[in-house]
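Visitor: Take a look and give me a structure for this.
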Amino acid sequence: MSLPFLLEIGVEEVPDWMIVPALDNMRELFTAILTEHRLGGTVTSVDATPRRLVLRAEGLLEAQPDQTVTVSGPPASANEGAVAGFAKKQGVALADLKKVPTAKGNYWTFEKHVPGRKTADVLAESLAAFVGKIYFPKTMYWTGKGGPRFIRPIRWIVALLNDTVVPFEFAGVASGNTTSGHRILGKPSLPVTHATYESTLESNFVILDAQKRIERIAAAVEAAGATRDEELIHTLAYLTEYPTPITGTFDPAFLELPAEILSTVMRHHQRYFAIPGEGGKLKPEFVAVMNIGSDPDGLVQRGNERVLKARFNDGRFFWNVDLKRPLADRLEDLKNVTFQAKLGNYYEKTQRNIALAKELAAALKADTTSAARAAELAKCDLPTEMVKEFTELQGVVGGLYAREQGEPEPVWRGVYEHYRPVSMEDSIPASITGQIVSLADKIDTLRGCFDIGLIPSGSKDPFALRRAAQGAVKIIVEGGLRLSLTMLAGGNPQLREFLLDRVRYYFRDVHGYKYDEVNAVLATGADDLVDVSLRLEAIRQVRPTEDFEPLAASFKRIQNILKQAEFKATGDVDPALLEAGPEAELAAARVETKQRIAGKPYSEALAIIASMRPAVDDFFNKVLVNAPDERVRRNRLTLLSSLLSEFSTIADFSEIVVTTQQ
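Guide: Okay, here's the model as predicted:
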């Protein structure tokens, strides 16, 4: 008979961002218990609300299987007394012992039958330790110093194997079969079984399934015409047990403020959804999510409206105060804002950003004046009152201030966009000036940190250098910026390799190119990421053709032959030493192919190179490379070397992992 298991840990509200990792850890820890103790079964689900962490498993055995274990005793050379003592300790006769050879010699052993323990007993012994091992970034104790620690005080525990309580205790709380409903709307004490657990919670205003809470919020957000924000929906789903969206309004006079300020206040400070209107403006409405079923008297709505009004008033005050002073006048203030102890303040970083922006703009034949001005103003919003209060607006509000104060569009847009992309899902700056300033800012940070030894290792990356490098790669490729990776690395080989790691990730994991294709292109020393992108797309197009992978296998064979012979070509192929037939035909194919691929797009060139496959195959099938005549042998190796060097400039074919048999 297989048994179901249910564990619910009832707690005070857990921070939303800690819940999902804790659930993953619970699944891993409980799976380890099942495996270690041979209890069978699998974890079927982990669920949570802010007030409960729930694990369910199916298929557990009633008891562990019996097993036979070998108990080792004294060595075979031991005296009779020692052997008799071992037998007595095991409760068996001397005749039941056996001599068994081991790596250390022969030993007396006993085959002991161990009956399996009941699953309920094993769990009763294991669950307290299991609960204490659940990982949270921070924990607390509430039963006294030195007591058990957990993320929040535990108020109840449900532990049911089938429908029998598994008895254990953690931090003074004993397990049982009684859960608790919604803090306000539900009953505080609710007996449950496996069959009634979820329905009992639902009738007491607890939606256990996070996906159902997400769908409930999303449906209301879309119905109200608000912008669907997946991250915010996820956050609210783990802040509520019974999410109920409501719509509120605010004074239309606040629409005089930029939409970016209003939406930031609503999203980041109040967790509200903004409702877009026409012409880039917002509607004077919002969607909030409450943790109760209804608001018949409008008390919750009015409370949210009152709080939002106060926050909007703050934003309007900061906007008006900040605009009284030109953004450029704040440049000197950056001397008082530290960037990094060894890399100086933000004024010094700004000067480096300006120089790098000019260099990048010149390389790209872009407007150096706009790039330099945008780089000069990019960090000037850091000392503003708005950014001090609403840090999420840095960069964005600087661009808005620059626009209000009459800066040209390329300049204010460059400031506005220069933090993008903030993730791989975010878009790159839309303007060339924004791309240049963003790239200059990120590259300066990377160069500076690498120069002083602040290089990411393992999970440590305090300056988010991986994200900066990834953003730089994304900007270069998606912006079509023809820049040298070596130049961007500033001559630092460690930084160049770090950037290459991000390049590999970007093309592999974001764009789905195969790892060997990425390796094949980068192995040529390609330094222009736009060019790398074109080469990879060409390989993707040509690889499915019948000749490509077999030719790649032949190129790998050529590389191995040259490596084994320790051969380096010192001249060109001597036509007089070519043997008529496959050897001469391959030499002719080489010359013809060089002529045919000249000036061709990469995909066409690769297809033409791949068409040499029959000549290469015929050569290997009928020509002895290691000919007895040394002059002939060197000439044939020179022919192979020229094939490898001349036709591996787009991609190193030897890096391609082939599936065909040669």
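Visitor: Quick check: longest helix in the protein by residues?
Guide: helix 299-323 (DSSP state H).
Visitor: centre of the chain versus that helix, how much separation?
Guide: Offset of helix 299-323 from its chain centre (CA atoms, centre = their mean, to the nearest Å): 36 Å.
Visitor: Check what contacts whatever helix or strand comes next after that helix and list those residues.
Guide: Scanning forward in sequence from helix 299-323 by DSSP states H and E, the next helix or strand is strand 338-340. By CB atoms under 8 Å, 6 or more residues apart in numbering, the residues outside strand 338-340 that reach it are 344, 345, 346, 348, 349, 448, 449, 452, 454, 463. Just so you know, the C-beta spots here come from the backbone N, C-alpha and C atoms, and that holds for glycine as well.
Visitor: picking that back up, buried set for the longest helix of the chain?
Guide: 300-301, 304-305, 308, 311-312, 314-316, 318-319, 322 (16 or more other CB atoms under 10 Å).
Visitor: before we move on, what about stretch 422-434?
Guide: 428, 429, 431, 432, 433, 434.
Visitor: Show me which pair in these is furthest apart.
Guide: Farthest apart among the buried residues of stretch 422-434 by CB to CB are 428 and 433. That separation is 12.5 Å.
Visitor: ok, residue 269 touching residue 390?
Guide: Yes. Using CB atoms under 8 Å, residue 269 is in contact with residue 390, at 7.3 Å.
Visitor: okay, the two: which has more neighbours?
Guide: Neighbour count, other CB atoms under 10 Å: between residue 269 and residue 390, residue 390 has more, with 21 against 16.
Visitor: which non-adjacent residue is nearest the more buried one?
Guide: Distances taken as CB to CB, 6 or more residues apart in numbering place residue 264 nearest to residue 390, at 5.8 Å, with adjacent residues excluded.
Visitor: give the contact list for the one you found.
Guide: Each residue near residue 264 by CB under 8 Å, 6+ apart is listed here: 390, 392, 393, 396.
Visitor: Please apply the same query to residue 277.
Guide: residue 283.
Visitor: From residue 323, how far out is it?
Guide: Distance, residue 277 to residue 323, using CB to CB, to the nearest Å: 24 Å.
Visitor: Mind putting the contacts of strand 338-340 into CSV with secondary structure and pLDDT?
Guide: Shown next, in CSV, are these (DSSP: H, G, I helix; E, B strand; the rest coil; pLDDT from 0 to 100):
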residue, secondary structure, pLDDT
344, strand, 95
345, strand, 96
346, helix, 97
348, helix, 97
349, helix, 97
448, helix, 95
449, helix, 95
452, coil, 93
454, coil, 91
463, coil, 85
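Visitor: which among those residues gets closest to residue 202?
Guide: Distances from residue 202 to the contacts of strand 338-340, taken as CB to CB, are shortest for residue 463 (46.5 Å).
Visitor: Pretty sure the closest one sits against residue 450.
Guide: No. Under the criterion of CB under 8 Å, residue 463 makes no contact with residue 450, lying 10.5 Å away.
Visitor: Comparing these two, which shows the higher neighbour count?
Guide: For residue 463 versus residue 450, neighbours defined as other CB under 10 Å are more numerous around residue 450 (20 against 16).
Visitor: secondary structure element for the more buried one?
Guide: Per DSSP H and E: helix 432-451 holds residue 450.
Visitor: which parts of that helix are buried?
Guide: Counting neighbours by 16+ other CB under 10 Å, helix 432-451 gives 432-450 as buried.
Visitor: Tabulate the CA atom coordinates of it in CSV.
Guide: The C-alpha coordinates for helix 432-451 follow below in CSV (Å, rounded to 0.1, in the frame of the first residue of the first chain):
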residue,chain,number,x,y,z
ILE,A,432,22.7,55.7,-31.1
THR,A,433,23.7,58.3,-28.5
GLY,A,434,22.0,56.2,-25.8
GLN,A,435,23.8,53.1,-27.0
ILE,A,436,27.2,54.9,-26.9
VAL,A,437,26.7,56.4,-23.5
SER,A,438,25.4,53.1,-22.0
LEU,A,439,28.3,51.2,-23.5
ALA,A,440,30.8,53.7,-22.3
ASP,A,441,29.4,53.6,-18.8
LYS,A,442,29.5,49.8,-18.7
ILE,A,443,32.9,49.4,-20.3
ASP,A,444,34.5,52.0,-17.9
THR,A,445,33.1,50.1,-14.9
LEU,A,446,34.4,46.8,-16.3
ARG,A,447,37.9,48.2,-17.1
GLY,A,448,38.2,49.9,-13.7
CYS,A,449,37.1,47.0,-11.7
PHE,A,450,39.4,44.5,-13.6
ASP,A,451,42.3,46.9,-13.3
